[in-house]
Every structure is written in structure tokens, then in C-alpha cells.
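Peer 1: need a structure here:
(chains A and B)
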Protein chains: 2
Amino acid sequence: MTRILLKIEYDGTNYSGWQKQPNQKTIQGEIEEAFARATGDNIELFGSGRTDAGVHALGQTAHFDTKLPIPISKIAEILNNQLPNDIVIKSACQVADDFHARFSIKKKCYLYKIYNGQEKNAFLANHVGWVKKELDIEKMREIAKILIGKHDFKGFCSSNTATLDFVRKIFSIDINQEEDFIYIEVVGNGFLYNMVRIIVGTLVDYSLGRLSLQDVKDALKKGDRQKSGQTMAASGLYLKETFY
Amino acid sequence: MTRILLKIEYDGTNYSGWQKQPNQKTIQGEIEEAFARATGDNIELFGSGRTDAGVHALGQTAHFDTKLPIPISKIAEILNNQLPNDIVIKSACQVADDFHARFSIKKKCYLYKIYNGQEKNAFLANHVGWVKKELDIEKMREIAKILIGKHDFKGFCSSNTATLDFVRKIFSIDINQEEDFIYIEVVGNGFLYNMVRIIVGTLVDYSLGRLSLQDVKDALKKGDRQKSGQTMAASGLYLKETFY
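Peer 2: From the prediction side, this is the model:
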């Protein structure tokens, strides 16, 4: 048996998220089916984590086991030939038998792209979150500092989560602006459901004066979801990189 | 009664084409519903023509009639506030009562974007047609010349068309390359079903040596669909402009 780790890029627009679901087009489902079509072998793919419908990936990772004697160097090509054009296997490598794409992870980096232009643009819509009012990245950086470190992020996740442990560590939040776009990179040891989208929504709402410094402190200390920001659109979110 | 002409931009990725269909997300359906939500009035929108699922528009046009006393200058904003971000009303203007978005048309310009790079790219997939083998735009221009003018284009449309008159006039086919992208603009007085995608497929297949000059001449003279090129992917096609 060989354990293979894939690095995967996808445009999530056309998919109901990562996780396989009956009668839905999903990233996991497409890759498993592509492998079966190419080799006849049924694999089970374990992703580094789920991504929601409409969320993209520049570097999702996922592992699977196979007994087939396929040269590792051919796996990306074999899969890419079978996969639709909006899912790309960037690389495949062999990993140890006890390696796990989800449980071996040390850090993850998410990118959120904000379009901060005035004019509605159809061709950006599926790949950014749009904030029409002008944002102040200095204010966003100011509030981001408060979130860095090890905290209970109960106030920064969607309520329909099954998690009991809300403690996560945020290593960095980098915010950069290029013309009408703001790029926010969040690196953490793990993320709760919708956590990146709510963190970014908190930076946005603080910048626009919809939240005070005290609100954000309360969201963090009291775990009060009412005091953190909006959940930004899925379309702006990219799983950029995983670190093992 | 006031007749209004809209100019519309859309990313077609998420839609089952222009034309309203039950239980499908369509551009026409979204705009009619947006107008009803905003004003309570039910309109019927007449487009310059249909676009297929996955086809985009930079400048689709469509007209409708309303008895409501809405200031023309507010219509785009009212609709844009109700429409999803991937459909944008670029402008609205009043037209004569006998103007018709489809029947008054004189010329249409379609743009086809080819991605001619080697590397599979998930984020281009929904917005280009991908040709991996290197194309020669001089060869494409050579064969394009043959298609310009007034011809019977029976050999350049999908067979499941209900049309009886296949004569159309192509005014120009402009082909330009920028790095890994080839942009093909086709201007004509009208287009048969899939005609632009088959014209572009013919340029591609001729450039790659899959079709000879004689094949293309036969496709044109004999109306033989077997002698014209592939139907390129919907994802690369943009209705760029309509002329009245």
C-alpha cells in the first residue's frame, strides 16, 4: 500500500464544497471519480479540512491509499486528464503510512480577497468578497493585532458547529492593498467553522465603524458572536497553503 | 408605457444561459425577478439573443416595457441592488416603442478567449477555452479570411437548429495574441446556433493541422458540418457588443 498526498487547486464556484455528498458536485467526489475512471481503483480521499460551497483553494491537500503500482510522477497528470478544468492536481508525493492530511497538520494559511471598488463587476463576483464602502487598512491592521495569539474563538465561529474546544492559535494576519483589492492572509494552527470569514468580517466592520474596540474584545473574551463582525461571502475565500 | 433598453454584463458560470426556464437559474429570470422585487411590476425581458449555459456577456442588450414612472437614471441602480453580484446592469435608456432588442439589431460582436498555455489553471477554466497545443495565429488569420463575407453557414452551426435560412454576413474576424491568450473577435449581422464556437474551433483545428484549406472550403460551400472544426467550450465565449 502506498499513501499519496495531493496538492490541489480549485475554483469552487461550480461545486457544493469539498466534502462528498449524494447528488452534488463536490471537489472530493470529482477527484475520487477521476481516479476510479483512470485506474479502476476506488480510493477514499482525506482532505486537510472541508471547504464550503463557493470557497476556492490554491493549495488544498488530501491523502489517499492505493495498492496500484502507479509511478508517483504520473499521478497528477493521470488525474488532471480526467478532472474538469477547474480542479487541478498541482503535485503528488508519497508520504509515510501514518501521515494524515488532516491530523498531521501544523498550520494553515487562508487568503481572503476583498474587492473594495465602487463599481459592480460581474467577473469579480465569484472570486472576491465585495465591500463597496472604502476600507482603512490601518484600522484593519489595528484590530487584527488583538486577534493574534492563542484565544478561545467561540465568538468567531458559526453557531451551528459541533466543536467543544474553541481554542485556536492565530500566528499572523497580514493585510495588503493593491489598488481596489485588499488581500488578507490568516495563518493559524486550525480554524473553526466560518472563522476566517468572520475574522475578516470583523476587520471590515471595525474599519467601517460598525464595531468598537470594546465589541471585538468582548467577542474574544466573552465568546459573544453578536460582538464580532459579519460572515464574509464564501466567494472571497481561498485555502492557500497547508503546513505539515 | 415606456420601453427601456438595458445593457447587461454577466458571468455566465452560475447560470443555465440567458433564457428563462422552470427551476433553472437564468439571466433573464434573475433580472425579471429583480425588477419584480424592486417595484412589484412584472416585466417580460426581450434579449438581443440567447446565450448558452456558461457563456458570458460584456454587453448583452434587452428591452422591456413598463408603465411605472421610474426615473430612467435610477433603473440600473435599482436593479443592481437586487441582482446577484455576477449580473450587472451597465446602463438603461429609453428607446422608441417600435424598437426591439432582437429584431432591430444590425450587428453583433462576440469575443472568444483562448488560453493557449501549457499549465492547467483552475481559475481560468470558467472564463476561457483551453487549447494546450501551441496555436499559430497567422494560420488562424489565413483561414479566417475565407469565412468573412456573406455565406451560407450551414456547415458552421449545430445540427439541432430549427433555422431554415443559414445565410449570414461576417464583417470581420480579428485575432490577437497576448502572452498565453488569444482573443478572437467576430462581428456579424447575426449568428446561427453555436456558430461562433464552431468558427473558432475551425480556426483552431486548421492551425493544428486537423483540417485542410479544402475541408474548410467544403464546409462553407457544401454546408458540411463534418468539414468544419470542433465546437469550442462555452466558457470562452463573451457576447461583447450589440449594434442597432
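Peer 1: Show me the strands in chain A, by range?
Peer 2: A:2-10, A:46-47, A:56-66, A:87-95, A:107-115, A:129-130, A:149-152, A:167-178, A:181-188, A:237-243 (DSSP state E).
Peer 1: per-residue confidence averaged over the third one?
Peer 2: In this model, strand A:56-66 carries a mean pLDDT of 98.
Peer 1: the residue most distant from the middle of chain A, which is it?
Peer 2: Going by CA atoms, centre = their mean, the residue of chain A most distant from its centre is A:Pro69, 32.2 Å out.
Peer 1: Pull up the gap between that one and chain B, please.
Peer 2: Note on A:Pro69: its distance to chain B, by CB to the nearest CB, to the nearest Å, is 25 Å. C-beta: built from backbone N, CA, C; applies to glycine.
Peer 1: can you check A:Leu79 too?
Peer 2: Distance of A:Leu79 to chain B, given as CB to the nearest CB: 10 Å.
Peer 1: got it, and A:Ile43?
Peer 2: Counting by CB to the nearest CB, the gap from A:Ile43 to chain B is 20 Å.
Peer 1: what does A:Leu111 give?
Peer 2: 13 Å.
Peer 1: Let me see the contact set for that residue.
Peer 2: Residues in contact with A:Leu111 (CB atoms under 8 Å, 6 or more residues apart in numbering or on different chains) are A:Leu58, A:Tyr183, A:Ile184, A:Glu185, A:Leu237, A:Tyr238, A:Lys240.
Peer 1: now A:Gln94, which residues is it bridged with?
Peer 2: Note on A:Gln94: beta-bridge partners by DSSP bridges are A:Ile4.
Peer 1: Break chain A down into its domains, please.
Peer 2: A:2-95, A:107-243 (automatic domain parsing).
Peer 1: Can you read off the pLDDT for the spatially closest residue to A:Arg37 that is not a sequence neighbour?
Peer 2: Distance criterion CB to CB, 6 or more residues apart in numbering or on different chains; nearest residue to A:Arg37, sequence neighbours excluded, is A:Gln82 at 5.1 Å. pLDDT recorded at A:Gln82 is 97.
Peer 1: Just to check, A:Thr163 is in contact with A:Tyr193?
Peer 2: Yes - if you go by CB atoms under 8 Å, A:Thr163 and A:Tyr193 touch, sitting 7.4 Å apart.
Peer 1: Mutual contacts of the two, please.
Peer 2: Shared contacts of A:Thr163 and A:Tyr193 (CB under 8 Å, 6+ apart): A:Cys157.
Peer 1: which of these two has more neighbours?
Peer 2: Higher neighbour count among A:Thr163 and A:Tyr193: A:Tyr193, with 16 against 12, using other CB atoms under 10 Å in any protein chain shown.
Peer 1: Please report the distance of the more buried one from A:Lys154.
Peer 2: Separation of A:Tyr193 from A:Lys154 (CB to CB, to the nearest Å) stands at 11 Å.
Peer 1: what does A:Arg3 give?
Peer 2: 35 Å.
Peer 1: Also A:Ile175?
Peer 2: As judged by CB to CB, A:Ile175 and A:Lys154 stand 24 Å apart.
Peer 1: Check A:Gly49 too.
Peer 2: Separation of A:Gly49 from A:Lys154 (CB to CB) stands at 19 Å.
Peer 1: neighbour count winner among these two?
Peer 2: Counted by other CB under 10 Å, A:Gly49 and A:Lys154 do not tie: A:Lys154 has more neighbours, with 20 against 17.
Peer 1: A:Gly223 is in contact with that one, correct?
Peer 2: Yes - with contact defined as CB under 8 Å, A:Lys154 reaches A:Gly223; the gap is 3.3 Å.
Peer 1: what's the overlap in contacts for the two?
Peer 2: Listed as contacting both A:Lys154 and A:Gly223 by CB under 8 Å, 6+ apart are A:Phe166.
Peer 1: Find the residue closest to A:Arg141 in space, skipping its chain neighbours.
Peer 2: In space, A:Arg141 is closest to A:Ile175, 5.4 Å off (CB to CB, 6+ apart).
Peer 1: how many neighbours does that neighbour have?
Peer 2: A:Ile175 has 21 nearby residues by other CB under 10 Å.
Peer 1: and what of the one 4 residues further on?
Peer 2: A count of nearby residues for A:Glu179, using other CB under 10 Å, gives 7.
Peer 1: In contact with it, which residues are there?
Peer 2: If you count contacts by CB under 8 Å, 6+ apart, A:Glu179 has none.
Peer 1: Chain A: helices as residue ranges?
Peer 2: Per DSSP state H, chain A carries helices over the ranges A:27-39, A:72-82, A:137-147, A:195-207, A:213-222.
Peer 1: what angle sits between the third one and helix A:195-207?
Peer 2: Using axes from the mean of the first three to the mean of the last three CA atoms, to 10 degrees, the inter-axis angle of helix A:137-147 relative to helix A:195-207 is 130 degrees.
Peer 1: before we move on, what about the shortest one?
Peer 2: On the basis of the same axes, to 10 degrees, helix A:213-222 is oriented at 150 degrees to helix A:195-207.
Peer 1: A:Arg168 is in contact with A:His151, correct?
Peer 2: Yes - with contacts counted by CB under 8 Å, A:His151 reaches A:Arg168, the gap being 7.1 Å.
Peer 1: measure A:Gly129 to A:Asn176 for me?
Peer 2: The gap separating A:Gly129 from A:Asn176 is 15 Å, by CB to CB.
Peer 1: More neighbours: which of these two?
Peer 2: Of the pair A:Gly129 and A:Asn176, A:Gly129 is the one with more neighbours under other CB under 10 Å, namely 26 against 11.
Peer 1: coming back round to it: make a markdown table from the strands of chain A and add distance to B:Glu134 to it.
Peer 2: Formatted as a markdown table, the strands of chain A follow (distance: least, CB to CB, whole Å):
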| stretch | distance to B:Glu134 |
| --- | --- |
| strand A:2-10 | 23 |
| strand A:46-47 | 35 |
| strand A:56-66 | 27 |
| strand A:87-95 | 20 |
| strand A:107-115 | 32 |
| strand A:129-130 | 37 |
| strand A:149-152 | 51 |
| strand A:167-178 | 32 |
| strand A:181-188 | 32 |
| strand A:237-243 | 30 |
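Peer 1: next one: stretch A:180-190 to chain centre, how far?
Peer 2: Stretch A:180-190 sits 10 Å away from the centroid of its parent chain (CA atoms, centre = their mean, to the nearest Å).
Peer 1: contact partners of that stretch?
Peer 2: Stretch A:180-190 has contacts (CB under 8 Å, 6+ apart) with A:105-117, A:128, A:135, A:137, A:140, A:168-177, A:196, A:199-200, A:203, A:240.
Peer 1: switch to 7 Å and redo it
Peer 2: Around stretch A:180-190, the neighbours that count as contacts under CB atoms under 7 Å, 6 or more residues apart in numbering or on different chains are A:106-117, A:135, A:137, A:168-176, A:196, A:199-200, A:203, A:240.
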